[in-house]
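In: Quick one, what's the 3D model for this:
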Amino acid sequence: MLEPTDHTRPQRPHTVYAALLLIQLNFAIGAVAAALALPKTEPLTFALIREVCAACLLTAYALKQGEPAAPPRGSRALMARLGACACATQVLAIADSNSQRTRRRSRSGSPRGPWSSPACQYCCAGTGPTRAASLVWCWPLSDATRRQNARWRPVSPAHGCFALAAAAGASYQLVSKPATRRHAPVAVAAWAYSYAAVGTALSAAALWACGISLCPECSSFYSVPLEAWPALAWWIICSTCVNYALMMWCVKRSSPTLVSAASALQPPLAAVCALIAIALSGGAAACGAGEGRCVAAPTVRDGVAACLIVCGVLAVARSEKSAAATASPPAEYVRVPVEGVAGCAPPSTRRAVRSVSSSVVTASRRSSSVASVARKWCSSSRGTSRSLEDFRTATRSRGAREPTWTSTCSTISDFETVIAPGDVLYLPANWWHQFEQPFEDTGALNFWTPPRDTEDPRLQLRLLWDGLERELVNLFGNRAGFMHERMATGEVEQDARAGIGTMDARQAWGALVAHATKWKEWSDGSDERYEEALVAVYLTAGRGLIPRRGDWLPGTAWDMSDLAPLSVAERCEPAPEDATFTHVCG
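Out: Predicted coordinates:
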């Protein structure tokens, strides 16, 4: 059902934190289970089976939710990069574990060093003030790493594989952010793992062809012991399908930095799970208590390190909230189009746009003099605050008082456009404007855009609606009105008259939600409604437009004969269809 749900409030932060905690708990349980119960298995074979099965399960669930089996053409390159990051994380981490030959190694979603890898991954993904929080982890992570890998050489191939695996894991988080803006999180996880399975299969085939084994104790490349299937099932269902779908959901709702920082919780949780396993087995699972596979009991130093890590994660979560207040707007919201005027003005500045008639000689002279006086006034007042009345006095024009104008020289631009009697000039909603006519045969129309922090919320909402309408027009052209009506009423069945299908409606819904997500980031939370709720309001506002137009079909021109005065229509030629005015007068 593609009819939007009525979510009126944004996602609660504690829901995201709970999801991140569940992800790391699944990884920790899998690591302990693998250390105790997983027999010797070829690592690449294990990873290949896990990724292929996970890709099939995630794809089946995505199809059930109405998502396509393959990514759209415009997103295939992005999904390929995401799958390459996931594949590189797996292959490099396996190579790292094989090079170290350490007794304690993690077989998690990316089997890397359990203490130091989250720090490297976080340093690759952390930005802004959140990077400072990683200092909280430096001592416990480096201390545990030295004790765990005391025999490491200063420089070794294991170090290189380890660093590249951590960088690939961080890149996965960063690349997934724009992907989750376009598509559903479960679809992103399914497509990424499909590409990752192909890469892992090629890597495994290359090693098998060369006769290279990463498990010398294993009897065959292809055999998987029956004892390994329970642990493999856990990794497929919980540590892959559930975890990576939740991870994409968390990246969509928060930031890659916070998701990467949460990976540092995996070692403390694994230590707790190991302690529980030792207690349940009566101490038999502890290393040194007997023969066979075992886990090391956590020490007091591990407990201190875990406490500091939790403090570091909390510091990251706190700094993420403060960093959101200074986030820069997306590029599509930096410039506001001015229809009918030769130029665009960003909403963060106030620019005067002058519009005069050039039908008489004196108008052209006045236009050049206005620009000259504006440049002189600007150069004489650089770095100072001047009111609009000062500028109006300098240009020898009169008019009503306007809000204070504190722009400097770099924010003043004069544009000129030719208008004629009867033409229609479209003004952006809620812009300040003023019309002046110092002489009978010339006139000036001034525009100012308010800064973003003082804009009327209605203007920001209209910018969102304009962007949503633009998304529909880009996808469906002159069929956008029919798609709008279908989505507003919830009737998404085939419409032969407009050439609309069910898949078109799903694509439109994803594009509208993605655009609403970008608008919420740009507006810095000025509207607390959820993205789907904003799209629902937009669709509801336009409901019923097509039925009120009778038998109108795409491609039929609108009748604008009554828009301009009759005298103008008689003496002027109609303007082109893509013009912002109706007539051209000679």
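
In: Do a quick rundown of the helices in the stretch 151-300 of the chain.
Out: Under the criterion DSSP state H, counting those that start in this stretch, the stretch 151-300 of the chain contains helices at 157-182, 185-210, 229-236, 243-253, 256-262, 266-280, 300-324.

In: List just the one of these that sits closest to F46.
Out: For those, distance to F46 was read as C-beta to C-beta. The smallest value, 6.8 Å, belongs to helix 229-236. For the C-beta atoms, the positions are set from N, CA and C on the backbone; glycine is no exception.

In: Please identify the deepest-packed of the helices of the stretch 151-300 of the chain.
Out: Looking across those with neighbours counted as mean count of other C-beta atoms under 10 Å, the highest average goes to helix 256-262: a mean of 26.

In: quick one on the thing from earlier: Serialize the helices of the stretch 151-300 of the chain to JSON lines and add fields for distance to V32.
Out: Supplementary listing: the helices of the stretch 151-300 of the chain in JSON lines, determined by distance: least, C-beta to C-beta, whole Å:
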{"stretch": "helix 157-182", "distance to V32": "21"}
{"stretch": "helix 185-210", "distance to V32": "24"}
{"stretch": "helix 229-236", "distance to V32": "10"}
{"stretch": "helix 243-253", "distance to V32": "15"}
{"stretch": "helix 256-262", "distance to V32": "19"}
{"stretch": "helix 266-280", "distance to V32": "4"}
{"stretch": "helix 300-324", "distance to V32": "14"}
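
In: Could you dump the ones you listed into TSV and include distance to L512 and mean pLDDT?
Out: Converted to TSV, the helices of the stretch 151-300 of the chain look like this (distance: least, C-beta to C-beta, whole Å; pLDDT from 0 to 100):
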stretch	distance to L512	mean pLDDT
helix 157-182	11	72
helix 185-210	16	83
helix 229-236	34	80
helix 243-253	15	80
helix 256-262	24	75
helix 266-280	36	80
helix 300-324	23	68
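
In: Can you tell me which of these is nearest to A70?
Out: The minimum distance between A70 and the helices of the stretch 151-300 of the chain falls on helix 185-210, with 7.4 Å, by C-beta to C-beta.

In: Compute the inter-axis angle for the closest one and helix 157-182.
Out: Helix 185-210 and helix 157-182 meet at an angle of 150 degrees, taking axes from the mean of the first three to the mean of the last three C-alpha atoms, to 10 degrees as the criterion.

In: which other helices and strands contact helix 185-210?
Out: Helices and strands in packing contact with helix 185-210 are listed as helix 43-64, helix 76-100, helix 157-182, helix 243-253; criterion 3 or more C-beta pairs under 8 Å, 6 or more residues apart in numbering; DSSP states H and E.

In: closest one to A35 among the ones you listed?
Out: Using C-beta to C-beta, the helices and strands packed on helix 185-210 put helix 76-100 closest to A35, at 12.4 Å.

In: distance of the closest residue to A33 other than its chain neighbours from V224?
Out: Distances taken as C-beta to C-beta, 6 or more residues apart in numbering put A231 closest to A33, at 5.4 Å, once the chain neighbours are dropped. Here the distance between A231 and V224 works out to 10 Å (C-beta to C-beta, to the nearest Å).

In: Could you pull out the residues contacting both of these two?
Out: Common contacts of A231 and V224 (C-beta atoms under 8 Å, 6 or more residues apart in numbering): none found.

In: how does this structure divide into domains?
Out: Residue ranges for each domain of the chain read 14-320, 331-453, 456-549, as given by automatic domain parsing.

In: Can you flag the weakest of those by average pLDDT?
Out: Among these, domain 331-453 has the lowest mean pLDDT, at a mean of 43.

In: Ok, which of the helices of the stretch 151-300 of the chain comes nearest L475?
Out: L475 lies closest to helix 157-182 among those, at 12.7 Å (C-beta to C-beta).

In: now that closest one against helix 243-253, angle please.
Out: Going by the same axes, to 10 degrees, helix 157-182 is angled at 60 degrees with respect to helix 243-253.

In: just checking, what packs against helix 157-182?
Out: In terms of contact count using 3+ C-beta pairs under 8 Å, 6+ apart, helix 157-182 is assigned the packing partners helix 76-100, helix 117-125, helix 185-210, helix 243-253, helix 256-262, helix 502-523.

In: between the ones you listed, which one is nearest to A296?
Out: Closest to A296 of the helices and strands packed on helix 157-182 is helix 76-100 (C-beta to C-beta; 15.6 Å).

In: Now tabulate the helices and strands packed on helix 185-210 in a markdown table and tack on distance to G283.
Out: Shown next, in a markdown table, are these (distance: least, C-beta to C-beta, whole Å):
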| stretch | distance to G283 |
| --- | --- |
| helix 43-64 | 29 |
| helix 76-100 | 27 |
| helix 157-182 | 32 |
| helix 243-253 | 30 |
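
In: For C215, which of those helices is the nearest?
Out: Distances from C215 to each of those were compared using C-beta to C-beta; the shortest belongs to helix 43-64, at 6.4 Å.

In: And the closest one, what's buried?
Out: Of the residues in helix 43-64, those with enough neighbours to count as buried (16 or more other C-beta atoms under 10 Å) are 43-59, 61-62.

In: Using PDB, list the CA coordinates for the helix or strand where E469 lies.
Out: Element membership for E469, per DSSP states H and E: helix 457-476. This file holds the C-alpha atoms of helix 457-476, laid out as PDB (Å, rounded to 0.1, in the frame of the first residue of the first chain):
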ATOM      1  CA  PRO A 457       8.000  29.000   7.900                       C
ATOM      2  CA  ARG A 458       5.400  29.300   5.200                       C
ATOM      3  CA  LEU A 459       8.100  30.200   2.800                       C
ATOM      4  CA  GLN A 460      10.200  27.200   3.700                       C
ATOM      5  CA  LEU A 461       7.100  25.000   3.300                       C
ATOM      6  CA  ARG A 462       6.400  26.500  -0.100                       C
ATOM      7  CA  LEU A 463      10.000  25.800  -1.100                       C
ATOM      8  CA  LEU A 464       9.400  22.100  -0.100                       C
ATOM      9  CA  TRP A 465       6.200  22.000  -2.200                       C
ATOM     10  CA  ASP A 466       7.900  23.500  -5.200                       C
ATOM     11  CA  GLY A 467      10.700  20.900  -4.900                       C
ATOM     12  CA  LEU A 468       8.200  18.100  -4.600                       C
ATOM     13  CA  GLU A 469       6.300  19.300  -7.700                       C
ATOM     14  CA  ARG A 470       9.600  19.600  -9.500                       C
ATOM     15  CA  GLU A 471      10.500  16.000  -8.600                       C
ATOM     16  CA  LEU A 472       7.200  14.800 -10.100                       C
ATOM     17  CA  VAL A 473       7.600  16.900 -13.300                       C
ATOM     18  CA  ASN A 474      11.200  15.600 -13.700                       C
ATOM     19  CA  LEU A 475       9.900  12.000 -13.500                       C
ATOM     20  CA  PHE A 476       6.600  12.200 -15.400                       C
END
